[in-house]
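Engineer: make a model of this:
(5 chains, ligands or ions: 4)
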Amino acid sequence: MKARLGFLLGPPLLWLVVIYLGSIAVLLVSSFWTVNGFTGEVVPTFTLDNYATIFTDPLYGTVALRTLLVALGVTLIDAVVAFPMALYMAKVARPSRRALYLVAVTTPLWASYLVKAYAWRILVEPGGPIAAATGGYTPGFGLPATIMTLAYLWLPYMIIPVYAGFDRVPDSLFEASYDLGASTWRTIRNVAFPLVFPAIVAGSIFTFALSFGDYIAVGIVGGKTQLLANLIYGQLVTANNQPLAAALSVIPLVAVVLYLLAVRRTGALENV
Amino acid sequence: MSHQPAIRLTQLTKQFGSVSAVDHLDLEIDAGEFFSMLGPSGSGKTTVLRCIAGFEQPTSGTIELFGQDMTGKPAAARPVNTVFQDYALFPHMSVVDNVAYGLRVRGVGRAERRRKAMDALATVRLEGFADRRPAQLSGGQRQRVALARATVVQPKALLLDEPLGALDLKLRQQMQVELKQLQHELGIAFVFVTHDQDEALTLSDRIAVFNNGRIEQLGTPRELYEHPASRFVADFVGTSNLFDREHARAVLGREGEFSIRPEKLVVHTAPDAAAGAPSATGTIVESVYAGSSTRRVVDLDSGLRISVLESNDRTHRVELDRGTRVHVSWNEEDLRKLDSTGPETAENADVPHSSGVQERQDS
Amino acid sequence: MSHQPAIRLTQLTKQFGSVSAVDHLDLEIDAGEFFSMLGPSGSGKTTVLRCIAGFEQPTSGTIELFGQDMTGKPAAARPVNTVFQDYALFPHMSVVDNVAYGLRVRGVGRAERRRKAMDALATVRLEGFADRRPAQLSGGQRQRVALARATVVQPKALLLDEPLGALDLKLRQQMQVELKQLQHELGIAFVFVTHDQDEALTLSDRIAVFNNGRIEQLGTPRELYEHPASRFVADFVGTSNLFDREHARAVLGREGEFSIRPEKLVVHTAPDAAAGAPSATGTIVESVYAGSSTRRVVDLDSGLRISVLESNDRTHRVELDRGTRVHVSWNEEDLRKLDSTGPETAENADVPHSSGVQERQDS
Amino acid sequence: SGTGTSAGATGSVPSIPMAKKLGANEGQLNIIVWAGYAEDGTNDPKVDWVTPFQQNTGCQVNAKVAGTSDEMVQLMRTGDYDGVSASGDATLRLVYGGQVAPVNTKLVPNYATVSSFLKDKAWNSVGGQMYGIPHGWGANVLMYNTDVVKPAPDSWSAVFDDAAAHAGKVTAYDSPIYIADAALYLKAHDPSLGIKDPYSLTQKQLDAAVSLLKKQKASIGEYWSDYTKAVQSFESGSSVVGTSWQVIANLLDSDKKVHVATTVPKEGSTGWSDTWMISSKAKHPNCMYQWMNWITSPKVNAQVAEWFGEAPAQTKACEETTDPNFCTTYHATDAAYAAQIHYWTTPQTKCVDGSGDNCTPYSEWVTKWQEIKG
Amino acid sequence: MKLLSTPARIVVSLCMAIGLVILYVPLALIVLNSFNSSRTFSFPPPGFTLEWWVDAFHSRGAADALATSVIAGLCAAAIALVLGTMAAFAVQRFRFFGRQSINFLVVLPITLPGIITGIALASTFTALGPLGVTLGMATVIIGHATFCIVIVYNNVQARLRRMGTSLEEASGDLGGSGWQTFLWVTLPQVRGALAAGVLLAFALSFDEIVVTTFTAGPAVQTLPIWIFQNLFRPNQAPVVNVVAAVLTILAIIPVWISQRLAGDSVTSRV
Ligand SMILES: Nc1ncnc2c1ncn2[C@@H]1O[C@H](COP(=O)(O)OP(=O)(O)OP(=O)(O)O)[C@@H](O)[C@H]1O
Ligand SMILES: Nc1ncnc2c1ncn2[C@@H]1O[C@H](COP(=O)(O)OP(=O)(O)OP(=O)(O)O)[C@@H](O)[C@H]1O
Ligand SMILES: [Mg+2]
Ligand SMILES: [Mg+2]
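Structural biologist: Ligands and ions are numbered 1, 2, ... in the order given. The predicted structure is shown next:
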């Protein structure tokens, strides 16, 4: 028993703990180091300077907050859009069509992320399709376009768990609600929504985490906006300040871990 | 009780694709009666109930509730409530919130609806469980919460789809008693779906026996049991010894198909004890002790295998071993002549066929 | 049959955390007997069975099969097989492959194992279904495949955990008969778990009544039913009228706790009919017609509510309405004195208490 | 990282030996290139100067395309590469970091005919020692939509002090090095700051440039970092004026959707000059030398310049271009034009113009740039 | 029964329709632009051309990158398959201390932003340079496998949970050894979940760019990296569009297969 458990658990744990957590640890350790300003060599002497920089320079706070709002905004939009779609797929569409719809919402995941982001660039540009369709109105490049694009990119990651969530709600609960005199709206609000909430949370893990770490899409449609990952990338690649980049990485790291811990109780992790 | 029925179905038909789940059904259920729908799986009981509740729209025909045509009205607008087989309790709400839900959607204030819900919980003796989640309750308790939830909104009729199907025997018997009591107290019609004939017999004022989307027979438990209109009913409601034309001629000396209930037969070892009543001779094949009764399987000399049910009452009876020669007697008036119109779908389940039980596809 | 029992459990104990699912249990089951374990939910029946099969390791105690100590041996090494409640048929294999599986793991050649599997299918009359998938079978058919699969490897005992629990009434009765027949044919011990007392009574050679991880009483169906050792057994096996000390003194004129079965009581309207036997007067509260029998609920003048079971046999009885004054009589020898040692967990389920049924936690 | 070099904060150049003569080719070559500098026909079968090189030398080329100068520096630090096509804003970092070795120009015959105004410059040599072979160059011109921006601007004020006229439609290059554009403008318009070289800024001068850029940001529609984005931006009308490259203007001309013009404003302009450098840890130095000679040979240099859209460093390349006017369009041999350009170079504490030790280093520029974008 | 009232059904259907339109408009635009004669996808297209499609089919760069991505994806998915399945079995079939934390550990790599995973792995690999570790295909595969484990893990775990233990017990009861039970009973049961997991893991690896950016050495160019490098070059961007369009259309095949394989509802866990 023990031996078999060890055999099963050993390799994955070794991989995840040694390779993954080990690397994260290396990253965290390096966030306490500094860099030789001239040669760009990392100097492994302990210092809290990087953290001091992050906490004192208002730039980082501002950008972190902006990133948090973007991630939350994207999550909210995806939840709002995915909810009726998943409801339709699970409870309105004919059962024989469900697989078809699932394929339909999953397929866009295979088109390259970059190409899709670029397509959004074309969509929102002045004179682009959105402007053409709305008679000239378009959000243009900037924060709204970034949020829209990210929401688009991660939408399937929200629809799928919410669909699975609806699928697990027995039809009889809807019927019971109507039977007791509730309207459809009321039933959706008081019965359906609370029951698929854990599934929404599961989806939000993706939308939140992926948005929090994005630096490419924002470069394509964000106009002059920058997000936290742009700063990290900038410090790492442009400024060659690996320790500061590592220290900055701690912000999304903590944000995501806190988020995961918060949603863990809903059982959402298993629905990912 | 006014003359107007609580529920009136007229030529109700429901088709699923090419399947007629319900087939031109006419039915009236009176206010205050305990009405059961009994029948084999797939015979359309649930479909009828769901049409009454408003979860299904009939293909044709009308549904009247208390004199008002309700065909096409949504479930929320109908003065009837349903107790679901799987209870359909809202898992994310506490017990009391579940019960109060119907009041909440009607806009009853928080305090009042809690009070009323607590009262309803009291009637099913679950006051102490108000703040639990459904998942923390046993099957029987959930059943009672479902009852409280459906009755707190004071429906004019209650629809119950195999509400006891998921419970085990003891609990089921207990809940049967409680259901019957509740119906007495509320004084409203209960429309009760089951495929357990014992349950239907003991609880109901009237029973409709369904078969293939139609009502095969409608009547009181006694009418159904004592005067089954067809072989199907004779067989489905209780167990019967069936005499086909040949055996009827040989054993009973009469023309046609007949049935007789096992408890109407008596087994004697001495021929004279059977004197004065018609009788036949045979051999005991098996005696099955069942506590309050003993079932004896007898192979008649004519080749028919029959079953006799003896009450283990205070009369002392002799032990009858396998192979004992016996006389089986009956009263002429307990024989029932069958119109053999009904299709033969149920089988005489508890009498082992000498030639092996035939294969059946239903479950 | 040798003197050696098929299965011997000695001081078997199984704890799950702090819960003692099985508590110092001693039990011997003989080869060739149909042995049932009966008891309420959570009383440890399944756990005992799983310990015998080897799916659970006991916390303490030993398991001997046919004289060999098997404690700690894996399931695969034990000469017993299991029929699971959910059948546990391999969904990706055809019926015949399911049945042949036990032979396949033993390295039996393809042709031979197919032949043996087909033979086993023939004994459960499913030859024609060999190439179907389990999903294409009805519940009863699956049950039989499970039986064939467990028996094809010629186990020395068969363990069955509520094998009929998922079937509906009619099918269940049919399968009971088939199970009993199969056991006769194979001549091996069947250890049968159920919480349906009727099933246990009609099928078993001996029954163990479980309560809280212990055996409350062990005996033949007749012993259990007619001589229940405790209030718990009296109540759990069949229904009983219970007389506590007070009522025993008032009604029976005797000291101690007593029980009597409803079918041992007789109701008369005329006092003289009850002459010669002890009797008590009371009022009919309810008469429940149940087809082959009628249950009468009587409130005795002493305040006790009792239940009387009348067979609807060919004797003609008068109709007794609610409120009719009656005399209830019995034979002294049908009274059972109870050692009131057993814990009181089950209740007299089908007699409505005048003061309302108490809340119960089990399901 | 972690392997110490002799380079200290003093700014001395690590002593790295220079190749004396060539040996046998190693059969492999790992280089870091700008997109379009090492075409092997996979993108367009007609555009291929890698395959002939491989056939001639037996050196199998593995080209890693870098997106920015900073990425190049980053990649060079891994020591996995033999060489790089570094722009001026990366070269000194590589030299002082000890990542590249001095180049023996005698071993690169085509060096002789490289434009003289590209030799021995601050961005490719230290103390008269060449650290690379010049490859091509271009100016960061001012481009504007001629239908919208009237009259034609002749000053960078179009994107700085007068940017508000086209608020939301001004574009700028998305890199810390763009601070130099602001400094160049301030050099002309705010003499009190005393800016002499846009890459040698004191703290005060840097702050002035940064505040100018912060002000500019209000009018910016988007910053551009890749030229597909820049072309689209102008084509869709998102941008009408801003810093740009000649190649972008050419692309816009070919699409004919919008009309643009470019100019080197009166303040002059920044620009880039790319240099092939050889890694100090090169595993295939001979192949790298072969490559440096190949890529600056007249025909190949012409091909690269036309494909990429820049002025070739090789003077003889002008005879090989398919477009006879190519060198004129790109002012390839126009020393006067070239003189207006302040080529990208890496800002250092030790001022790159030699004016002192109180300049702001590039890392500071990065932080400031992030702060500007906010 | 119709579970929603007619107005609600109309609203929800409308949302679905709009949602699908939103999902597909950008994809349509990609396809449209693959015929756009403008190199920079100018909208509306000034003209149409098949030039890019011809170029794409002759683009060895795209073909090589595709091959690299397929190899990386297959290897990463294979590693994820083995490790994810092992972890899922351990968690579903054994009780042990810290069992609850496994979920957390497994899900972490996919939820932490790719840039963190990328930097962390890259720093570690580079630090291990002296031991002979160089960035290349192997490091890309390691990076991808790390965040793909969760996909297989969740799929298999859900399947095992729904399957229960009784089939395995039945096999043991009939005399099957541990391996026989695994090969003949468990594996056929989880096969669908495994296949679906592998496909999704492959898909994830196939489109990954951030972690790849940091972990790929000089010689490794996956398709997203190729796209990244070429999309920003007007000469090449249209060809990229063609590649993306082709991929989207071809993707329907694996998506459909995974749908079929995983069977019931849980199928489509991401
Ligand atoms: N939603 C549906 N779609 C298609 N056919 C259906 C549907 N609901 C019921 N049926 C069919 O209608 C017939 C009657 O079904 P119904 O559920 O009413 O039977 P029932 O008497 O309640 O059976 P059971 O005792 O098994 O609950 C069956 O043949 C069934 O297959
Ligand atoms: N795997 C387990 N972990 C913890 N407790 C368990 C486990 N299996 C059984 N138990 C507990 O052991 C006790 C006996 O359970 P068991 O399943 O043997 O009862 P049972 O008599 O078979 O009941 P039922 O009629 O409901 O099947 C119960 O209290 C149950 O909760
Ligand atoms: Mg039904
Ligand atoms: Mg059990």
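Engineer: just the C-alphas of the one helix or strand residue B:280 maps to, formatted as CSV.
Structural biologist: Assigning secondary structure by DSSP states H and E places residue B:280 in strand B:279-289. C-alpha atoms of strand B:279-289 as CSV (Å, rounded to 0.1, in the frame of the first residue of the first chain):
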residue,chain,number,x,y,z
SER,B,279,-61.5,-28.3,-4.3
ALA,B,280,-58.6,-29.8,-6.2
THR,B,281,-55.8,-32.1,-5.2
GLY,B,282,-52.1,-31.5,-5.5
THR,B,283,-48.6,-31.7,-4.0
ILE,B,284,-46.8,-29.1,-1.8
VAL,B,285,-43.7,-27.9,-3.7
GLU,B,286,-42.5,-25.3,-1.3
SER,B,287,-43.5,-23.6,1.9
VAL,B,288,-42.1,-20.1,2.4
TYR,B,289,-42.4,-18.7,5.9
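Engineer: ok, and for that strand, which residues are buried?
Structural biologist: B:279-280, B:282, B:284-289 (16 or more other CB atoms under 10 Å in any protein chain shown). Yep, even glycine has a C-beta here, placed from its N, CA and C like the rest.
Engineer: go on, stretch D:115-135?
Structural biologist: Result for stretch D:115-135 [16+ other CB under 10 Å]: buried residues D:115, D:117-118, D:121-126, D:130-135.
Engineer: try stretch A:183-196
Structural biologist: Buried, per 16+ other CB under 10 Å, within stretch A:183-196: A:183-184, A:186-188, A:190-192, A:195-196.
Engineer: say whether chain E is contacted by the helix or strand where residue A:165 lies.
Structural biologist: Element membership of residue A:165, judged by DSSP H and E, is helix A:143-168. Yes: using CB under 8 Å from any CB of the partner chain, helix A:143-168 reaches chain E at A:152, A:155-157, A:159-161, A:163-164, A:167-168.
Engineer: show me what the helix or strand where residue D:286 lies is packed against.
Structural biologist: Taking DSSP H and E as the criterion, residue D:286 maps to helix D:285-295. When contacts are defined as 3 or more CB pairs under 8 Å, 6 or more residues apart in numbering or on different chains; DSSP states H and E, helix D:285-295 packs onto strand D:28-34, helix D:50-57, strand D:83-86, strand D:133-139, strand D:269-279, helix D:298-308.
Engineer: can you name the residue of the stretch 1-150 of chain D nearest chain E?
Structural biologist: Residue nearest to chain E within the stretch 1-150 of chain D: residue D:42 (3.5 Å; CB to the nearest CB).
Engineer: isn't residue D:291 up against residue D:278?
Structural biologist: No: using CB atoms under 8 Å, residue D:291 is not in contact with residue D:278; the gap is 9.1 Å.
Engineer: and residue B:97, how far from ligand 1?
Structural biologist: 29 Å (CB to the nearest ligand atom, to the nearest Å).
Engineer: element containing the residue nearest to residue A:33 when sequence neighbours are not counted?
Structural biologist: Excluding its sequence neighbours, the residue lying closest to residue A:33 (CB to CB, 6 or more residues apart in numbering or on different chains) is residue A:243, at 4.5 Å. Following DSSP H and E, one finds residue A:243 within helix A:242-264.
Engineer: what does residue D:254 give?
Structural biologist: Assessed by DSSP H and E, residue D:254 sits inside helix D:246-255.
Engineer: where's residue E:103, which helix or strand?
Structural biologist: Going by DSSP H and E, residue E:103 is in helix E:99-111.
Engineer: just the C-alphas of that helix, formatted as CSV.
Structural biologist: Provided in CSV are the C-alpha atoms of helix E:99-111 (Å, rounded to 0.1, in the frame of the first residue of the first chain):
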residue,chain,number,x,y,z
ARG,E,99,-3.9,14.9,0.2
GLN,E,100,-5.9,18.1,0.0
SER,E,101,-2.8,20.1,-0.8
ILE,E,102,-2.1,18.1,-4.0
ASN,E,103,-5.0,19.9,-5.8
PHE,E,104,-3.5,23.2,-4.9
LEU,E,105,0.0,22.2,-5.9
VAL,E,106,-1.1,20.8,-9.2
VAL,E,107,-3.3,23.8,-10.1
LEU,E,108,-0.6,26.4,-9.2
PRO,E,109,1.5,26.3,-12.4
ILE,E,110,-1.4,27.0,-14.6
THR,E,111,-2.8,29.8,-12.5
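Engineer: any low-confidence regions in the stretch 201-350 of chain B?
Structural biologist: Along the stretch 201-350 of chain B, segments meeting pLDDT under 70 span B:272-275, B:316, B:340-350.
Engineer: can you pull the phi/psi pair for the residue in the stretch 151-272 of chain A that ligand 1 sits nearest to?
Structural biologist: Here the stretch 151-272 of chain A gets closest to ligand 1 at one residue, residue A:171, 9.9 Å apart by CB to the nearest ligand atom. When read as degrees, to the nearest 10, the backbone of residue A:171 gives phi -60, psi -30.
Engineer: for it, which non-adjacent residue is closest in space?
Structural biologist: residue E:3 is the one closest to residue A:171 (CB to CB, 6+ apart), at 5.8 Å.
Engineer: tell me the secondary structure of the one you found, please.
Structural biologist: Residue E:3 falls in the coil class when you classify it by DSSP: H, G, I helix; E, B strand; the rest coil.
Engineer: for residue B:30, see how far away it is.
Structural biologist: Distance of residue E:3 to residue B:30, given as CB to CB, to the nearest Å: 32 Å.
Engineer: on that earlier part again, just want the angle from the next helix or strand after the strand holding residue B:280 to strand B:279-289.
Structural biologist: The C-terminal neighbour of strand B:279-289 among helices and strands, as given by DSSP H and E, is strand B:293-300. Angle between the axes of strand B:293-300 and strand B:279-289 is 140 degrees (criterion: axes from the mean of the first three to the mean of the last three CA atoms, to 10 degrees).
Engineer: hmm, which two among the buried residues of stretch D:115-135 are most spread apart?
Structural biologist: Distance extremes for these: the farthest pair is D:115 and D:126 at 20.1 Å, using CB to CB.
Engineer: so which elements touch the helix or strand encompassing residue D:368?
Structural biologist: Assigned by DSSP H and E, residue D:368 belongs to helix D:362-373. Packing partners of helix D:362-373 (3+ CB pairs under 8 Å, 6+ apart): helix A:228-233, helix D:179-189, helix D:203-217.
Engineer: deepest in the core, which of those helices is it.
Structural biologist: Burial of the helices and strands packed on helix D:362-373 is given as mean neighbour count (mean count of other CB atoms under 10 Å in any protein chain shown); helix A:228-233 ranks first at a mean of 26.
Engineer: leaving aside the residues adjacent along the chain, what's closest to residue D:90?
Structural biologist: residue D:69 (4.0 Å).
Engineer: residues touching residue D:127, list them.
Structural biologist: Residue D:127 sits next to residue D:13 when contact means CB atoms under 8 Å, 6 or more residues apart in numbering or on different chains.
Engineer: confidence score at it?
Structural biologist: Here the pLDDT value assigned to residue D:127 is 85.
Engineer: please report how far it lies from residue D:12.
Structural biologist: To residue D:12, residue D:127 is 11 Å away according to CB to CB.
Engineer: likewise residue A:265?
Structural biologist: 59 Å.
Engineer: do residue A:111 as well
Structural biologist: Residue A:111 is 52 Å from residue D:12, by CB to CB.
Engineer: the more surrounded of the two?
Structural biologist: residue A:111 (23 against 13; other CB atoms under 10 Å in any protein chain shown).
Engineer: re the thing from before, report how many residues lie close to the residue of the stretch 1-150 of chain D closest to chain E.
Structural biologist: For residue D:42, the count of nearby residues is 19 (other CB under 10 Å).
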